[in-house]
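Colleague: after the sequence you'll find the predicted model.
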Amino acid sequence: MASVHVERTEDGYIARNERGAEVSMGGGDEPGVFTPVELLLAALGGCNIVTVEPLTAKRGHRLVRLAMTVDSEKVEPTRLGPITVTYDVELPEGDEKAAEVFRAVAHRVEENHCTVSNALRNRTEVVLELPV
């Protein structure tokens, strides 16, 4: 189960999880905060990268550098266009098989193992509960 509490505060909007982590949110013109769309992109990137890294290392190919950029543009006021995940990887020197293993793992993670990718791809239902 995942749960996040979001609230308006004196300083803006905050999302908190049960473990005490916080993320500040706001509009695209406010410094020092994420927009909700940026958080969605971060969730997609985070889901992929935290799954790819240990699976690649488990197969004996610890990557020297593993980073990514996740991009999308609004195609309508409330609709995103395609989301592009671009990896930035530095392979271990002399490890000829690392690139092949990384690509295979990254594809499998995106297609089958990333909960956020699956939620976006399958249009997970959102249930709105309002006070009476």
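Modeller: The structure has been received and is ready for your questions. Note that the structure is a prediction, hence the values are computed from the model and not measured.
Colleague: how many neighbours does Phe102 have?
Modeller: 22 (other CB atoms under 10 Å). For the C-beta atoms, the positions are set from N, CA and C on the backbone; glycine is no exception.
Colleague: typo on my end, it should be Val116
Modeller: 17.
Colleague: wait, what's in contact with the residue nearest to Gly32 when sequence neighbours are not counted?
Modeller: Excluding the flanking residues, the one nearest Gly32 by CB to CB, 6 or more residues apart in numbering is Ser24, at 6.6 Å. Shown in contact with Ser24 (CB atoms under 8 Å, 6 or more residues apart in numbering): 11-14, 32-34.
Colleague: hmm, who's touching the helix or strand harbouring Ala99?
Modeller: In the assignment (DSSP states H and E), Ala99 maps to helix 98-108. Residues outside helix 98-108 that contact it (CB under 8 Å, 6+ apart) are 48, 52, 55-56, 59-61, 63, 87, 89, 91-92.
Colleague: tell me where the chain has strands.
Modeller: 4-9, 12-17, 22-25, 65-71, 74-76, 79-80, 84-90 (DSSP state E).
Colleague: could I get those strands as a markdown table with mean pLDDT?
Modeller: Listed next are the strands of the chain as a markdown table, based on pLDDT from 0 to 100:
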| stretch | mean pLDDT |
| --- | --- |
| strand 4-9 | 96 |
| strand 12-17 | 96 |
| strand 22-25 | 96 |
| strand 65-71 | 97 |
| strand 74-76 | 95 |
| strand 79-80 | 94 |
| strand 84-90 | 96 |
